[in-house]
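Participant: Kindly generate the corresponding structure for this input.
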Amino acid sequence: MNQFRDDLIHAGLAALYYTGTHHLLRPIFGGVGAIFTMHHVRPPNRSEFRPNRHLEITPNFLRSMLLHLRSHGIDIITLDEMHRRLREGDFSRRFACFTFDDGYRDNRDFALPVMREFDAPFTVYAVSDFAEGIGKLWWITLEKVIAKASELEVAIDGVARRIDVHAPAAKQIAFERLRRWLRCLPGDQDICREMAALCALHGVDETAVSRDLCMSWDELKSLADDPLVTIGAHTITHCNLAKQTEANASREIAISRSRIEDALKRPVEHFAYPYGDRTAAAAREFALARNAGLKTAVTTRPGMIFTKSADHPTALPRVSLNGNYQYLRVLPVLTSGAATAVWNGFRRVDAA
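Facilitator: Model (predicted):
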């Protein structure tokens with residue numbers, strides 16, 4: 001199913017580019033700017049089994065996007081500056097903001113040098129438990145479990161199952177099946193329980209994953225000292241806020257913010273919803289972020305920024321720089337707003 005979806009997206013992006021439709025749609029759906037979202041930036045990995053490859057782009061692809069934006073006279077600005085432009089109605093020039101979710105060390109090691117080449121500011125949304133080395137990146141841990149195993153034993157919906165994962169294709173199928181199952185469990189504690197059982201059975205240290213991949217508080221503090229960098233909050237545990245009680249969701253927002261402020265000795269005024277799609281961030285979560293006094297909060301709903309986005313600063317869409325689509329012709333399509341317009345049924349603002 002995922003391969004079919006990827007093929008369909010590839011075809012759609014190519015059609016928009018080769019027909020020139022993106023040129024026609026840009027004046028209508030290009031908006032006043034875009035917020036780009038990324039996770040990992042690192043050299044290419046040629047492993048056959050990479051189910052999370054959509055979350056990583058290469059430094060060269062990031063460089064290509066920055067070159068494209070500069071060549072088209074698009075300002076690369078901070079979230080604070082974007083917030084000012086939205087608040088004051090300053091739309092004389094189109095803009096782009098760059099954001100990185102979770103706080104991965106490769107953001108410092110590989111993204112920062114590229115951003116410095118262009119004097120381009122960016123925001124890293126940190127998960128406080130990841131910075132403390134106790135967080136659980138279950139989607140990466142699941143990849144590690146399946147990569148290590150030749151057979152999985154797991155109880156899905158109360159039924160014990162054995163899943164053959166000896167070959168890369170079988171591993172990919174198993175990953176998608178288990179990822180969907182885990183995402184559909186009632187709460188994050190259920191994901192933790194099932195992943196703990198899998199890790200115990202297959203000898204994977206799940207807390208080591210965040211220590212290996214994510215920046216510590218000291219590393220984040222050093223990064224935050226760079227004038228190009230803003231640190232935002234991304235909850236305590238990277239939980240699905242929509243599945244929390246209102247009190248717990250408010251706590252995840254407030255305490256993640258205060259922990260970062262205490263550790264880095266600087267204010268935190270920007271937030272990203274974990275997962276960020278409709279199942280994880282909607283009207284209640286947007287209101288919680290607004291009531292917390294945050295300047296902006298971003299989703300993963302695809303979309304450009306329009307003048308009307310000023311009315312919804314805690315429900316902002318982003319444009320994903322997706323590792324599955326790292327080719328040059330995608331750049332003008334993404335910045336035109338054509339791809340997100342098609343995806344959204346040609347709605348401009350989706351903040352409900």
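Participant: Check for me that residue 50 belongs to a strand.
Facilitator: No: going by DSSP: H, G, I helix; E, B strand; the rest coil, the assignment for residue 50 is coil, not a strand.
Participant: Neighbours of it, how many?
Facilitator: The tally of other residues near residue 50 (other C-beta atoms under 10 Å) stands at 17. (C-beta placed from N, C-alpha, C; glycine too.)
Participant: Spit out the contact partners of it.
Facilitator: The neighbourhood of residue 50, defined by C-beta atoms under 8 Å, 6 or more residues apart in numbering, consists of residue 143.
Participant: Okay, it and residue 42: tell me how far apart.
Facilitator: Using C-beta to C-beta, to the nearest Å, we find residue 50 at a distance of 12 Å from residue 42.
Participant: Show me where the stretch 51-200 of the chain has its strands.
Facilitator: Residue ranges of the strands in the stretch 51-200 of the chain, as given by DSSP state E, counting those that start in this stretch, are 56-57, 75-76, 95-102, 122-126, 151-156, 159-164.
Participant: Export those strands to a markdown table and append columns for mean pLDDT.
Facilitator: A markdown table is the format used below for the strands of the stretch 51-200 of the chain (pLDDT from 0 to 100):
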| stretch | mean pLDDT |
| --- | --- |
| strand 56-57 | 98 |
| strand 75-76 | 98 |
| strand 95-102 | 98 |
| strand 122-126 | 98 |
| strand 151-156 | 89 |
| strand 159-164 | 90 |
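Participant: Make CSV out of those strands and add mean neighbour count and distance to residue 68.
Facilitator: As requested, those are exported to CSV (neighbours: other C-beta atoms under 10 Å; distance: least, C-beta to C-beta, whole Å):
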stretch, mean neighbour count, distance to residue 68
strand 56-57, 25, 14
strand 75-76, 20, 11
strand 95-102, 25, 10
strand 122-126, 26, 16
strand 151-156, 14, 42
strand 159-164, 11, 42
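Participant: do you know which of the ones you listed lies nearest residue 301?
Facilitator: strand 95-102 (13.7 Å; C-beta to C-beta).
Participant: Would you agree residue 319 falls within a strand?
Facilitator: Yes: under three-state DSSP, residue 319 sits within a strand.
Participant: which residues sit in contact with residue 247?
Facilitator: Per C-beta under 8 Å, 6+ apart, neighbours of residue 247: none.
Participant: Name the SS class of it, please.
Facilitator: On the basis of three-state DSSP, residue 247 is classed as helix.
Participant: if I look at it, how far off is residue 262?
Facilitator: From residue 247 over to residue 262 the distance is 21 Å, taken as C-beta to C-beta.
Participant: How about residue 8?
Facilitator: For residue 8, the distance to residue 262 - C-beta to C-beta - is 46 Å.
Participant: Tell me where the stretch 201-350 of the chain has strands.
Facilitator: Applying DSSP E, counting those that start in this stretch to the stretch 201-350 of the chain gives strands spanning 229-233, 270-272, 296-302, 316-320.
Participant: Of the ones you listed, which is nearest residue 85?
Facilitator: Nearest to residue 85, of these and by C-beta to C-beta, is strand 296-302 at 11.7 Å.
Participant: now that closest one: how far from the chain's centre is it?
Facilitator: Its chain's C-alpha centre lies 9 Å from the corresponding centre of strand 296-302 when counted by C-alpha atoms, centre = their mean, to the nearest Å.
Participant: Before I go, just wanted to say thanks for your time.
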